[in-house]
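>>> everything below, folded, please.
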Amino acid sequence: MAELDRKMDELKLEKKNPINPVLRTILQGVADENCQFSKLYGMPHVVKLIWEKVLVAMHMHIKFGKDENYERDYNPPPPFIAQTGFRLRFDVKFPKPTDININMMPFVMAKKFENMQLPDYLKPYSDMIETAFFNELPFFDIEEFGKIGYLTIHESLVEEGKSQRRPGLHTESPGFIYVKNDLSDEKCEELCIEKGSGHDKIMALGVWWGKLGYNSHHFPNGGIYMASNVDDSCKVWDCQIVADNNGEELIRKHGDIEHLRCFLPESTLLKSDILYWINDRTPHESLPLKKGTYRQFFRLVTHRVSVWYEDHSTKNPNGVVPDPKMTRIVRGSKFDEGYVTVVG
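Reported below is the predicted structural model:
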């Protein structure tokens, strides 16, 4: 009883001593006579056992990044997939801003800007696009070439205390959404969303310096490349939020994972003018700026995108559209309750 009363007192001091929102819900239910959980009032040992089970279940959904580096003589180990949340890739230089604001514009991932079929006003960003692709050569996943990628560029003045991008701890994958086919009477379908997907493949790289040997090397496969020109305006966590063995997700609507914050490893503040690689299950958060400034944001999502939101994305004036073999075009606000409609 005393332990439960103490926890309830903590709820009243939430701003000074925040607790996990799932635990908060359990404790509020125990104290609510109209809730089934109220039957557990006076049984703190049972509440504790329930919470321990919840903790175990939550940790099953978090795969922590590891530095799987190695050195080996003669026989290289086979490639394997690391549970990496993000990687620092390359230095970049932002062009002079012109108030560009595009979101998820489809384009052809090609070696030259002329073949990307992007509008001319985006040409100043061609060096950054090519950096995302070709500094990875010869290891950049060859299947990306000629496929449809998605470009986001946001240039704007950001006020002090505001974030330029969507705030809150989230992943790019929004978990599941409900879709309905506009051309038939099909029932709503639950669809798990990919947005670039991606994983960090670790392969052996031959090294010759006196004798033959192998060092590990990280090669991003798919995923998302992003950068900004403002220090400490975004933070990421080196882990992935994954489904459990039964396919159950803890990612909430719009990718919200605020309820997992206290379980995540230490975060990393991203620095300016550096291109980072993440995947669509990497926890990240756009931060409010300590001082108002003009911010440029760049993001390139590779071809594994399962849904393209027509109402929230920028159409390519040169006619490039999402690949129908990979991506469904849906209409409707992703922020509304209910379902969105497949139109392509």
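
>>> rest of the way, CA atoms for contacts and neighbours
Fine.

>>> convert the C-alpha atoms of the longest helix along the chain to CSV, please.
Here the longest helix in the chain is taken by residue count, with DSSP state H as the criterion, and it is helix 44-59. Presented in CSV, the C-alpha positions along helix 44-59 are these (Å, rounded to 0.1, in the frame of the first residue of the first chain):
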residue,chain,number,x,y,z
PRO,A,44,1.8,-4.1,-4.9
HIS,A,45,3.6,-7.4,-5.4
VAL,A,46,1.2,-8.3,-8.2
VAL,A,47,1.5,-4.8,-9.8
LYS,A,48,5.3,-5.1,-9.6
LEU,A,49,5.2,-8.6,-11.3
ILE,A,50,3.0,-7.2,-14.1
TRP,A,51,5.4,-4.3,-14.6
GLU,A,52,8.4,-6.6,-14.7
LYS,A,53,6.7,-8.6,-17.5
VAL,A,54,6.0,-5.4,-19.4
LEU,A,55,9.7,-4.5,-19.1
VAL,A,56,10.8,-7.8,-20.5
ALA,A,57,8.3,-7.4,-23.4
MET,A,58,9.5,-3.9,-24.2
HIS,A,59,13.1,-4.8,-24.3
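
>>> mind listing what's buried along that helix?
Taking 16 or more other CA atoms under 10 Å as the neighbour-count basis, helix 44-59 is seen to contain the buried residues Pro44, Val47, Met58.

>>> immediately after it, which helix or strand?
In the C-terminal direction, the helix or strand that comes right after helix 44-59 (DSSP states H and E) is strand 62-64.

>>> starting from that next one, tell me which strands it pairs with and how they run.
strand 239-241 (antiparallel) (DSSP bridges).

>>> averaged pLDDT, the longest helix of the chain. What do you get?
On average, the pLDDT along helix 44-59 is 86.

>>> before we move on, what about stretch 244-254?
Averaging the model's pLDDT scores along stretch 244-254 yields 81.

>>> low-confidence regions, the stretch 201-344 of the chain specifically.
The stretch 201-344 of the chain contains residues with pLDDT under 70 at 201-220, 333-344.

>>> contact partners for Ile62?
Taking CA atoms under 8 Å, 6 or more residues apart in numbering as the criterion, Ile62 is in contact with Cys239, Gln240, Ile241, Val242, Leu264.

>>> who does it form a beta bridge with?
According to DSSP bridges, the partner residues bridging Ile62 are Ile241.

>>> if I look at it, how far off is Arg331?
Taken as CA to CA, to the nearest Å, the spacing of Ile62 relative to Arg331 amounts to 32 Å.

>>> pull out the buried positions in stretch 163-175.
Within stretch 163-175, the residues that qualify as buried by neighbour count (16+ other CA under 10 Å) are Ser163, Gln164, Leu169, His170, Thr171, Glu172, Ser173, Pro174, Gly175.

>>> most surrounded residue in the contacts of Ile62?
Ile241 (27 neighbours; other CA atoms under 10 Å).

>>> that older thread, farthest-separated two in the contacts of Ile62?
The span of the contacts of Ile62, defined through CA to CA, is set by Val242 and Leu264 at 12.9 Å.

>>> element containing Ala110?
Following DSSP H and E, one finds Ala110 outside all helices and strands.

>>> and this protein, what are its domains?
Annotated domains of the chain cover 1-64, 89-342 [the TED database].

>>> with adjacent residues omitted, what lies nearest to Met128?
The shortest distance from Met128 to any non-neighbouring residue, by CA to CA, 6 or more residues apart in numbering, is to Val92 (6.4 Å).

>>> check contacts around the one you found.
Met128, Thr131, Asp273, Ile274, Leu275.

>>> Ala227: which element?
Element membership for Ala227 (DSSP H and E) is strand 224-228.

>>> and for Arg295?
Under the criterion of DSSP H and E, Arg295 resides in strand 293-301.

>>> tell me the helix or strand right after that strand.
From strand 293-301, the next helix or strand downstream (DSSP H and E) is strand 307-309.

>>> other SSEs contacting the helix or strand just after that following strand?
With elements assigned by DSSP H and E, the helix or strand that comes after strand 307-309 is strand 328-331. For strand 328-331, the elements it packs on are strand 307-309, strand 340-342, judged by 3 or more CA pairs under 8 Å, 6 or more residues apart in numbering; DSSP states H and E.

>>> just to revisit the earlier point, please identify which of the buried residues of stretch 163-175 is nearest to Arg304.
Using CA to CA, Ser173 is the member of the buried residues of stretch 163-175 that sits closest to Arg304, with 11.3 Å.
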